[in-house]
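[1] Structure, please.
(chains A and B)
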Amino acid sequence: MSTILGLNGGQHDAASCLIIDGKLVACVEEERMTRIKAGNNYFSVPRLSSQKIAEMYGVTPQNADHVVFASEVPGKYIEYELNDVDYTVYDHHHCHAADAYYMSGFQEPTMIITMDGGGVDDALSVYLGKNGELTRILRDKWYLNAQLAQLWGYSLHGIKGFDAEKGGFVWKFCKDEGKLMGMAPDGYYDERVYNILRKAVNYSNLEFFPQDTIGLARLISESMRRMGYFDTDEGIAVYAYNLQKLTEDLVLEFISDLHKLHPEYKKLAFAGGLFANVKLNQKINQLDWVDELFVFPAMGDSGLCAGAAILKCRELGEGFDTPIRLDNVHLGVSYTDEEISEVASKYNFERKPYIASEVAEHLDDGEIIGFFQGKFEYGPRALGARSIIVRPTDYDTHKELNSRLKRYDTMPFAPIVMKEYFSDIFVEQKSQYTAEFMTLCYDTKEEWIDRIPAVIQKSDKTARPQIVTQDGVPKFWEILNEYREVSGIPVLLNTSFNAHNEPIIDSPEHAFVHLNNGIIDKLVIENYVYYNS
Amino acid sequence: MYTTTPDNIKIEWVYNPSPHVKITGPNDNEVFLLQIFEYHAGNTIPYLLESYLIANTEAFHYDVSYYGKFELRVLKFDEDLGPVEIFRDVYNDVGKRVKFILRTDLVEEERIFAEVANDYIKQSGCIGEIVSTLQHTVRFPEVHLSNGHLVEQYVDVDYNSEYYKIFYIGRNEFNGDNLYEHRWGNVTYGNWRLFWSLHNPRKYHNLESREIAEDILGFTENKPNGEKFTVTPSYL
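    Got it, this is the predicted structure:
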């Protein structure tokens, strides 16, 4: 058995991971340390994340038994920092597929689909997974085909335009797609806009076309902005709505075509940036023939290092013979009580031991609580390690929370829900495992819409829940249960612990800054609660 | 060369020394999309090389040349229809004046370069002129430059150039890492199949003279089992 260090970098989303004796023990995204969301575009390298892994486990690129790259790591990084290291490079989309399949837990025949803006040569791959083996059956070259992910990404540039003072686009690809998607429910169908977008990306017979999605997306969005279409939020919402509809229509058609070819594959596993689109995932989940779907929690390129390490692990015969399930994705960095106390000593906060029932009372009173526990999460979602939690019962929470976090009012907030009560609140019941990682939306049952308005999308009444299990995220489950005792509601609002446009926080320093700045009322950090006197 | 569309958008373009396109329309606030495609041997579907958004009255120019047959397209945005193609032109040097500048210090290599250039002239139907940078050559009296220096890089755009295209055949220098870092950062990456014929399509160090010339003039892909060459960034 051995140590396998997985690395990826390149354009964005650099990350590092570690497998020891066949078990994935660490996954660290570079953005947590650099504090630049998704990293700098171009030449993003896994320098700090691999250092964190070295600090935690003593495994460095130099002493790891195996070093693997998921392609795209800039050569200068290899040349200057990993000069004497032997390494293996795996294909970008093969790494995405390995993430999706081998973490899905699916023992049945599984169809794996990866779609993104482009990784090295490909933008789309389809695999069949059976008995632990992956077989690729389809791939689209990104420069010969169209990509929905690029249409989303490069629309951002045109919609908000270029800010000369800041020297960059106001909305950036690989960073702000979620903002646009969050506005979609507030828009409406406009046949003209829909058909215009369809000229940039269309689909037929297992092929997305035409070429040059980037250019067409830029021409469309830049022209529409110059014509004044995006002067109001409504105009942006209409664009977003039709882009979302196009995305759903084309991908559903594509998946249905695949299903006709391989009808016995009723489990679906996804990775690649496009599947960060939780509304798309919901539509797929609602297909009658789909038994269950799984979206790898780090569906973007930060997930690639894990895929590369898994592939190496399989080659060595040390693990991942068949798909496994994750208890959680708390695979990042944790801090000791001593480290936390040292940071806290710089402030004049009050401190008392953490008692879940007391914090539940504070939540019921409407306080905004920072929740910092153990190792931080892998992937874009805050899942109980670096979260901000609030009662879900008051729609005005939106305004207050957005104001403190400097976020847009249109961005929806998501619920966390105790697994035991999930079926009471949401309509569909499929794919609950992937919902532990907040990767798809569900329709809300009518009777709950008014009870938890802060976490329900006001236009379409959907929510993007995280199902919390007692075994998977015990402290998160505990606070939920205590809040249920107080309020009768087994749901809390959970949003990522970060201000607008920042990555989710990493360290106690970041957490205490948020408390000091009044973004949160209280900070639950490991076994203590900190607050201003 | 130029053309004017029915809605009064004037498009000027040349292929020499590299694609240059200027678009002038009546709407100051308008932008256009210029796409450059390349035709692979034996394939009727052109592959996108690069595309650029161009503001009205501005010109696209990129100080590189492309290899082989390629195509320019210009699209405008129509409020009702979306992207609409308003111009398309395929590189076609039949009956056009094309100059071949041979860059070598070796007489034997000059002969090989000239043979390949002659093959191109015969196959393409262009009106070819072959000149050489080699001093004291007897084969080609029209020596372009003296002192053994290479031809100065052509930078000024002349929409009325007497040549449809000039090919530089030889061991053209790569511009170090900057060339590819620039490409990585600002040009759609991933199209490693695009070739810059001002520079050599692939590293020439281990190539025969004939291969160098064939690369630049687009013959390589015509080989039955031609090596598929891939331009790899220098930092990889």
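[2] List the contacts of the residue lying closest to A:Gly518 once chain neighbours are set aside.
    Nearest non-adjacent residue to A:Gly518, counting by Cβ to Cβ, 6 or more residues apart in numbering or on different chains: A:Arg404, 7.1 Å away. Glycine gets a C-beta too; all of them are placed from N, C-alpha and C. Listed by Cβ atoms under 8 Å, 6 or more residues apart in numbering or on different chains, the contact set of A:Arg404 reads A:368, A:518-520.
[3] in a strand, that's where A:Arg404 is, yeah?
    No - going by DSSP: H, G, I helix; E, B strand; the rest coil, the assignment for A:Arg404 is helix, not a strand.
[4] measure it to A:Leu82 for me?
    Per Cβ to Cβ, to the nearest Å, A:Arg404 is found 42 Å from A:Leu82.
[5] Among the contacts of A:Arg404, name the buried ones.
    Buried members of the contacts of A:Arg404, scored by 16 or more other Cβ atoms under 10 Å in any protein chain shown, are A:368, A:519-520.
[6] Could you point out the helix or strand that follows the helix or strand hosting A:Asn281?
    In the assignment (DSSP states H and E), A:Asn281 maps to helix A:278-285. For helix A:278-285, the following helix or strand on the C-terminal side (DSSP H and E) is strand A:292-295.
[7] That following strand pairs with which strands, and in what direction?
    strand A:267-271 (parallel) (DSSP bridges).
[8] Regarding chain B, what is its longest helix?
    Scanning chain B for the longest helix, with DSSP state H as the assignment, gives helix B:107-124.
[9] Just the mean pLDDT for that helix, thanks.
    Mean pLDDT, computed over helix B:107-124, is 88.
[10] helices or strands up against the next helix or strand after that helix?
    Downstream of helix B:107-124, the next assigned helix or strand under DSSP H and E is strand B:127-132. Helices and strands touching strand B:127-132, by 3 or more Cβ pairs under 8 Å, 6 or more residues apart in numbering or on different chains; DSSP states H and E, are strand B:97-103, helix B:107-124.
[11] Who are the contact partners of the closest residue to A:Gln282 other than its chain neighbours?
    Closest residue to A:Gln282 apart from its sequence neighbours, by Cβ to Cβ, 6+ apart: A:Cys441 at 4.0 Å. A:Cys441 makes contacts with A:278-279, A:281-282, A:457, A:462-464, as judged by Cβ under 8 Å, 6+ apart.
[12] how does chain B divide into domains?
    B:2-90, B:97-175+B:198-222 (automatic domain parsing).
[13] In TSV, list those along with mean neighbour count and distance to A:Glu526.
    Output for these, formatted as TSV (neighbours: other Cβ atoms under 10 Å in any protein chain shown; distance: least, Cβ to Cβ, whole Å):
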stretch	mean neighbour count	distance to A:Glu526
domain B:2-90	18	51
domain B:97-175+B:198-222	17	54
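[14] where does chain B have its least confident helix or strand?
    Taking mean pLDDT, DSSP states H and E as the measure, chain B has helix B:176-186 as its least confident helix or strand, at a mean of 31.
[15] Based on its surroundings, how many neighbours for the spatially closest residue to A:Gly118 that is not a sequence neighbour?
    Nearest non-adjacent residue to A:Gly118, counting by Cβ to Cβ, 6+ apart: A:Trp142, 3.3 Å away. Neighbourhood size, A:Trp142 [other Cβ atoms under 10 Å in any protein chain shown]: 28.
[16] Ok, the one 4 residues further on next?
    One way to gauge burial is a neighbour count; for A:Ala146, by other Cβ under 10 Å, it gives 26.
[17] can you pull out the strands in chain B?
    B:2-4, B:10-14, B:20-24, B:31-38, B:47-55, B:59-61, B:70-78, B:82-90, B:97-103, B:127-132, B:165-170 (DSSP state E).
[18] okay, those strands in JSON lines with mean pLDDT next?
    Formatted as JSON lines, these follow (pLDDT from 0 to 100):
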{"stretch": "strand B:2-4", "mean pLDDT": "91"}
{"stretch": "strand B:10-14", "mean pLDDT": "90"}
{"stretch": "strand B:20-24", "mean pLDDT": "87"}
{"stretch": "strand B:31-38", "mean pLDDT": "87"}
{"stretch": "strand B:47-55", "mean pLDDT": "81"}
{"stretch": "strand B:59-61", "mean pLDDT": "67"}
{"stretch": "strand B:70-78", "mean pLDDT": "92"}
{"stretch": "strand B:82-90", "mean pLDDT": "95"}
{"stretch": "strand B:97-103", "mean pLDDT": "85"}
{"stretch": "strand B:127-132", "mean pLDDT": "86"}
{"stretch": "strand B:165-170", "mean pLDDT": "83"}
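[19] Adding distance to A:Phe69, write these out as CSV.
    Below are the strands of chain B laid out as CSV (distance: least, Cβ to Cβ, whole Å):
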stretch, distance to A:Phe69
strand B:2-4, 49
strand B:10-14, 42
strand B:20-24, 39
strand B:31-38, 30
strand B:47-55, 27
strand B:59-61, 36
strand B:70-78, 34
strand B:82-90, 37
strand B:97-103, 38
strand B:127-132, 46
strand B:165-170, 36
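[20] Among the ones you listed, which comes closest to A:Gly319?
    strand B:47-55 (40.8 Å; Cβ to Cβ).
[21] Each with direction, which strands does the closest one pair with?
    Neighbouring strands of strand B:47-55 in its sheet, by DSSP bridges, are strand B:31-38 (antiparallel).
[22] Please save the CA atoms from the strand it pairs with in CSV.
    Extracted C-alpha coordinates of strand B:31-38, given in CSV (Å, rounded to 0.1, in the frame of the first residue of the first chain):
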residue,chain,number,x,y,z
VAL,B,31,-19.5,44.8,-32.5
PHE,B,32,-18.7,42.1,-34.9
LEU,B,33,-17.4,38.6,-34.6
LEU,B,34,-14.5,37.6,-36.8
GLN,B,35,-13.9,33.8,-37.1
ILE,B,36,-10.9,32.1,-38.7
PHE,B,37,-11.3,28.6,-39.8
GLU,B,38,-8.9,26.1,-41.3
